[in-house]
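Peer 1: what follows is a predicted protein model with its sequence.
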Amino acid sequence: MNALVGERMSIITSKPQTTRHRIIGIVSDDDYQLVFSDTPGIVVEVGYKMHEAMNRFVASTFKDSDVMLFVTDKYDKYEEDGPTVTRLKQLQVPLFLVINKTDQSTDEEITDLIKKWNSWIDFKETIPISALNKTNTEKLLELILDNTPEGPVYYPKDQLTDKPERFFVSEIIREKILQQYKKEVPYSCEVIVDSFKVDKTTKGEDITRIEAHIYVNRKTQKPIIIGKGGAAIKKLGTEARKGIEAFLDTKVYLELYVKIKENWRDNEKVLKRFGYQ
Ligand SMILES: Nc1nc2c(ncn2[C@@H]2O[C@H](COP(=O)(O)OP(=O)(O)OP(=O)(O)O)[C@@H](O)[C@H]2O)c(=O)[nH]1
Ligand SMILES: [Mg+2]
């Protein structure tokens, strides 16, 4: 979606289940507006209420999308009788097979993937792309436009998404947590931006002052996030600040706090407050 929208809306990491929400990216041109939704993948092993919420985000796109793009690559593992393939088979709207990461695949690997997937599901279009190098992404955009019905314009032309800046700020911090910490720790974290103020430095430059809380799932995870003498959280703060500065295009002063919220992934009230509605 980032490649198509031309902005870094969704966070990207090498770890699975990076995306937890339905994130909207809007592309407006003189004669069209496309509203993209990036969602998590379907969570097969549902362990927490948070996973159910993630699957509800996926389900919502199955209900209201005009075109569905299934993005996969040679590393993905799917079974023909698994929930993802089963759900895709039932779709009524045009469904595209988008084979990503062609920069890392041979022609033969791509041909084999196309053959396998098309023997499972009846795709309206099949297209190999590289989101990284933006290979074929323009062509994909054209195919989408060819297959979308006409409809009303939903958003003002200059609007890129439906969520506030503070959501994207919290996502950038979560991206850095996923990149920096190991195993279960990043999956046990949620980030909430509590304060977001645009201010001026003494030199008169814009500076955004941000306070954010990192919620962990268990007592033992707090010292892990903080690290020896605060080294880990200091590194996290630096990386996150750089990412947020690039996103907001202002200087950023970031303060991070860690709080324990036992078993938040199974707490309906907390999940609601964290945006998993
Ligand atoms: N080589 C290569 N890597 C890519 C390409 N597109 C994405 N990646 C990498 O693939 C990994 C996963 O990317 P994500 O965008 O997090 O994938 P996702 O499908 O949204 O995954 P979840 O949000 O975890 O469900 C990251 O390490 C990306 O840098 C591509 O075209 N080529
Ligand atoms: Mg994602």
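Peer 2: Good, I have the coordinates. Numbers count the residues shown, from 1 in each chain. Ligands and ions are numbered 1, 2, ... in the order given.
Peer 1: where do the helices sit along the stretch 101-250 of the chain?
Peer 2: 107-120, 137-147, 165-180, 221-226, 231-248 (DSSP state H, counting those that start in this stretch).
Peer 1: take the third one, keep the C-alpha atoms, and write them as PDB.
Peer 2: C-alpha atoms of helix 165-180 as PDB (Å, rounded to 0.1, in the frame of the first residue of the first chain):
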ATOM      1  CA  GLU A 165      -1.100  12.000  13.100                       C
ATOM      2  CA  ARG A 166      -0.700  10.600  16.700                       C
ATOM      3  CA  PHE A 167      -1.800   7.200  15.500                       C
ATOM      4  CA  PHE A 168       1.000   7.100  12.900                       C
ATOM      5  CA  VAL A 169       3.500   8.400  15.600                       C
ATOM      6  CA  SER A 170       2.500   5.500  17.900                       C
ATOM      7  CA  GLU A 171       2.900   3.100  15.000                       C
ATOM      8  CA  ILE A 172       6.400   4.400  14.200                       C
ATOM      9  CA  ILE A 173       7.400   3.700  17.900                       C
ATOM     10  CA  ARG A 174       5.900   0.200  17.600                       C
ATOM     11  CA  GLU A 175       7.900  -0.400  14.500                       C
ATOM     12  CA  LYS A 176      11.100   0.400  16.300                       C
ATOM     13  CA  ILE A 177      10.000  -1.800  19.200                       C
ATOM     14  CA  LEU A 178       9.500  -4.700  16.700                       C
ATOM     15  CA  GLN A 179      12.900  -4.100  15.200                       C
ATOM     16  CA  GLN A 180      14.800  -3.700  18.500                       C
END
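Peer 1: what angle sits between that helix and helix 231-248?
Peer 2: 140 degrees (axes from the mean of the first three to the mean of the last three Cα atoms, to 10 degrees).
Peer 1: by contact count, what packs against helix 165-180?
Peer 2: strand 190-200, strand 206-216, helix 231-248 (3 or more Cβ pairs under 8 Å, 6 or more residues apart in numbering; DSSP states H and E). No exception for glycine: its C-beta is placed from N, CA and C like everyone else's.
Peer 1: highest mean neighbour count out of those?
Peer 2: strand 206-216 (a mean of 19; mean count of other Cβ atoms under 10 Å).
Peer 1: follow-up on the earlier one: out of the helices of the stretch 101-250 of the chain, which comes closest to Ile12?
Peer 2: The closest approach between Ile12 and any of the helices of the stretch 101-250 of the chain, judged by Cβ to Cβ, belongs to helix 165-180 at 7.3 Å.
Peer 1: contacts for that closest one?
Peer 2: Residues outside helix 165-180 that contact it (Cβ atoms under 8 Å, 6 or more residues apart in numbering): 9-13, 15, 18, 161, 185-186, 189-193, 196, 210, 212, 214, 225, 232, 235-236, 239-240, 243-244, 247-248, 256, 275.
Peer 1: now that helix against strand 190-200, angle please.
Peer 2: 120 degrees.
Peer 1: which strand or helix spans the residue nearest to Glu52 when sequence neighbours are not counted?
Peer 2: Using Cβ to Cβ, 6 or more residues apart in numbering and skipping the chain neighbours, the partner closest in space to Glu52 is Val46 (6.0 Å). If you go by DSSP states H and E, Val46 is not part of any helix or strand.
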